[in-house]
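>>> here you go, sequence then predicted model.
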Amino acid sequence: MTAQAKLITPRILVRLFIVIVVVPLAPMIISGVWDWWEAWAYAMVNVLGFIISRVLAARRNPDIIAERARSMEMQDAKPWDKILSPALAFGGLLILIVAGADKGFGWSAPFSLNAKIASLSVIILGYAFGSWALIENRFFSGVVRIQTDRGHHVVTTGPYRLVRHPGYAGALWTYLAMPVLLDSLWAFIPTVLLIAILVLRTSLEDRTLQAELPGYREYAKRTRYRLFPGIW
């Protein structure tokens, strides 16, 4: 049995169904509103971004998909990330659930068309920036661990020339734009909580890499900022 075949398990298929179908459609599933162009636009960006980024990443680094598929099973994942990683995944879904409930019950007034077009542009750019990091970095695991089994070393090319954690940076801007696109002021509540978790995870991961990954401390001196150029 090939390595690719071993990845195609019932558990993986269920996860893919949730990621590719359930999560993108969550606002419409919750609200019961299916003629919602903003939610369809988000779903299309989400699905296409996921598929295209994984295809390109696998073409460049064939072992990255296997690493990400089994990341939650890794025994050397940092204990704190076994909590933070699922919390981030659930937090992103929670934004969509709240936005869907908001739409269904009509809690929030809609944003202007210009604001929604701007937010959709930010979401696309956020996905593109995070996907660039995934494609560039063959050690872009789903959990924080030092991948000695895969020859882990510092990646300094592509978006890593700009910030040390471009995957998180792209996700942050996407999270911020989602409530605007989906017309939900209430969705900013889980968004703020999610960003707090994201910043905490970024800080802990950066501290781990500086302490345990050879060459990362020197890289951090050259690339000063974690998420926000000029700020942090």
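Done, it's in. These numbers were taken from a predicted model, which means no experiment stands behind them.

>>> quick one: residues contacting Ser119.
For Ser119, the contacting residues are 111, 177-178, 180-181, by C-beta atoms under 8 Å, 6 or more residues apart in numbering. For the C-beta atoms, the positions are set from N, CA and C on the backbone; glycine is no exception.

>>> where does this protein dip in pLDDT?
1-8 (pLDDT under 70).

>>> the closest residue in space to Val19 that isn't next to it in sequence: how many residues sit nearby?
The shortest distance from Val19 to any non-neighbouring residue, by C-beta to C-beta, 6 or more residues apart in numbering, is to Phe50 (6.5 Å). Number of residues near Phe50 (other C-beta atoms under 10 Å) recorded here: 17.

>>> just checking, Phe50 touches Val21?
No. The criterion here is C-beta atoms under 8 Å, and Phe50 misses it with Val21 at 10.9 Å.

>>> gap between the residue nearest to Val19 and Leu162?
Going from Phe50 to Leu162 by C-beta to C-beta, to the nearest Å gives 23 Å.

>>> same question, Ile135
From Ile135 to Leu162 the distance is 15 Å (C-beta to C-beta).

>>> again, but for Leu88
From Leu88 to Leu162 the distance is 21 Å (C-beta to C-beta).

>>> circling back: out of the contacts of Ser119, flag the one nearest to Gly142.
Met178 (20.8 Å; C-beta to C-beta).

>>> which ones are touching that closest one?
42, 95-96, 99, 119, 123, 187, 191.

>>> among the residues you listed, which are located in strands?
For these, not one is inside strands, with DSSP state E as the criterion.

>>> how far does stretch 221-232 sit from its chain's centre?
19 Å (C-alpha atoms, centre = their mean, to the nearest Å).

>>> just the CA trace of stretch 131-143, in PDB.
Output in PDB follows, covering the C-alpha atoms of stretch 131-143 (Å, rounded to 0.1, in the frame of the first residue of the first chain):
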ATOM      1  CA  SER A 131      -1.400  29.500   1.000                       C
ATOM      2  CA  TRP A 132       1.900  30.900  -0.200                       C
ATOM      3  CA  ALA A 133       3.300  30.000   3.200                       C
ATOM      4  CA  LEU A 134       2.000  26.500   3.000                       C
ATOM      5  CA  ILE A 135       3.400  26.000  -0.500                       C
ATOM      6  CA  GLU A 136       6.800  27.500   0.400                       C
ATOM      7  CA  ASN A 137       7.300  25.700   3.700                       C
ATOM      8  CA  ARG A 138       7.400  21.900   3.700                       C
ATOM      9  CA  PHE A 139       7.400  22.000   7.500                       C
ATOM     10  CA  PHE A 140       4.000  23.700   7.700                       C
ATOM     11  CA  SER A 141       2.500  21.200  10.000                       C
ATOM     12  CA  GLY A 142      -1.000  21.300  11.700                       C
ATOM     13  CA  VAL A 143       0.600  21.300  15.100                       C
END
